[in-house]
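S.K.: Predicted model and sequence below, questions to follow.
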Amino acid sequence: MTPHLKRLGWSQHFTAQMSVDEVETLTPVRISEVRRRNIIALTGELERLELALTGDLVASDFAVGDFALTDGEKIVRLLDRKTLISRKSAGLTSQTQLIASNIDTLFITTSCNDDFNEARLERYLAIAIEAEAHPVIVITKADRPESGNVDDFISRAKAIYAPADVIALNATNPDAFGELMPWCSTGQTLALVGSSGVGKSTIARGLTGLDIEIGDIREDDAKGRHTTTARSMHAMLAGGWLIDTPGMRELALHDAAEGIGTLFEDITDLATACKFSDCAHNTEPGCKVRAAIESGELDADRVERWRKLIDEDERNSETVAEARDRGRKFSKMAKSVLKAKKARRGE
Ligand SMILES: Nc1nc2c(ncn2[C@@H]2O[C@H](COP(=O)(O)OP(=O)(O)OP(=O)(O)O)[C@@H](O)[C@H]2O)c(=O)[nH]1
Ligand SMILES: [Zn+2]
């Protein structure tokens, strides 16, 4: 592996996928922009190539951050991803839209104010775990906590998921960025998520030295609003890459059952030991989850958040057919309720 490729974020994971023939004839590149008709990719020397899509490959098969092999003209082969973040596209066709790939670290950003909330952090943690990206909870506005003190926010964040790192900082102070360096250096790829106003753009600016507006670029055409990924991969001052595709801001939970399972492993373990395999953990006899809440081993609020997250995930993961089915069931139910009401009123 050349040092140049390492700088691009290349690793053994990708080398191992190449045949001897491919090593001799093709060039590895990293995809930095996905356009409707072509792909912009960077070589190890950071040369920017405009590559054609040919054969079966279409733009929606690619994510910013992908590694691929090219003959210099077109993409020949897409390499298996290390990690992938996707979302369900809005609208009638509930297709999965690829948002970013081969991300090592996800900065889950919140602030020392009302934005800080366990449920929100858990949702992003489940997304990171599902994508196999390392989660770092970055708590901004540590210079002016609106309530309590910064240490309280840090301990609350640490209590959510032990493997996640937690950093509190003043994102407007350039000196504070030193703490973020372990995830920003050469070979590392990073993405930022969090609500509006928590400081994502401020952090992005601090890490890249560029005034980038994350998520502002949209294309409109007859088919409706498209997100484009123009200029979505930015070199960080410390040597790594920051990926900030527009879809990152609107990430919703979907198909993250495993992520939720890992995040709430203790509850999941108890739930599998319940007497009934379909236990809803309400009033069923032999429910280990309820028993753990009653003994004080589990926090009832956390269990509630776990259930809500599973519900949200299942709702967002359903296929178009399932959603239609649910719609039908609902309208059937609504009709029968209406009928019963009318009958009561003697209509
Ligand atoms: N004092 C202080 N202000 C901060 C900090 N982080 C962000 N801000 C300010 O908070 C405001 C919002 O920050 P942005 O970086 O625009 O937040 P964002 O997450 O990118 O917001 P959207 O673009 O709406 O998604 C700006 O005025 C920042 O200067 C911090 O750590 N301390
Ligand atoms: Zn149970």
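M.R.: Sure, I can see it. Ligands and ions are numbered 1, 2, ... in the order given.

S.K.: I'd like the domain boundaries of this structure, if you could list them.
M.R.: 3-80, 98-250 (automatic domain parsing).

S.K.: Quick one: check the longest one for contact with ligand 1.
M.R.: Yes: judged by CB under 6 Å from any ligand atom, domain 98-250 comes into contact with ligand 1 at 140-141, 143-144, 170-172, 194, 196-202. Backbone N, C-alpha and C define where each C-beta goes, glycine included.

S.K.: which of the residues you listed lies closest to ligand 2?
M.R.: Lowest distance from ligand 2 to those (CB to the ion) belongs to Gly194, with 33.4 Å.

S.K.: was I right about that closest one contacting Phe116?
M.R.: No: using CB atoms under 8 Å as the test, Gly194 is too far from Phe116 to be in contact (10.6 Å).

S.K.: so what sits against both of these two?
M.R.: By the contact definition CB atoms under 8 Å, 6 or more residues apart in numbering, Gly194 and Phe116 are jointly contacted by Thr110.

S.K.: When those two are compared, which one has more neighbours?
M.R.: With neighbours defined as other CB atoms under 10 Å, Gly194 and Phe116 compare such that Gly194 has more, 25 against 22.

S.K.: List the contacts of the more buried one.
M.R.: So Gly194 contacts Phe107, Ile108, Thr109, Thr110, Asp115, Tyr124, Val138, Lys200 (CB under 8 Å, 6+ apart).

S.K.: Ala63: what's it in contact with?
M.R.: Residues near Ala63 by CB under 8 Å, 6+ apart: Ile31, Val34, Arg81, Leu84, Ile85, Ser86, Leu98, Ile99, Ala100, Ser101, Thr245.

S.K.: Point out the least confident member of those residues, please.
M.R.: Within the contacts of Ala63, Thr245 has the lowest pLDDT, namely 81.

S.K.: Tell me how far that one lies from Leu298.
M.R.: Distance, Thr245 to Leu298, using CB to CB, to the nearest Å: 37 Å.

S.K.: same check, this time on Leu207
M.R.: Taken as CB to CB, the span from Leu207 to Leu298 is 38 Å.

S.K.: And Glu50, by the same measure?
M.R.: For Glu50, the distance to Leu298 equals 55 Å [CB to CB].

S.K.: cool, and Thr25?
M.R.: 57 Å.

S.K.: again with Asp311
M.R.: According to CB to CB, Asp311 and Leu298 sit 18 Å apart.

S.K.: who's more crowded, these two?
M.R.: Set side by side, Asp311 and Leu298 show more neighbours around Leu298, with 20 against 10, by other CB under 10 Å.
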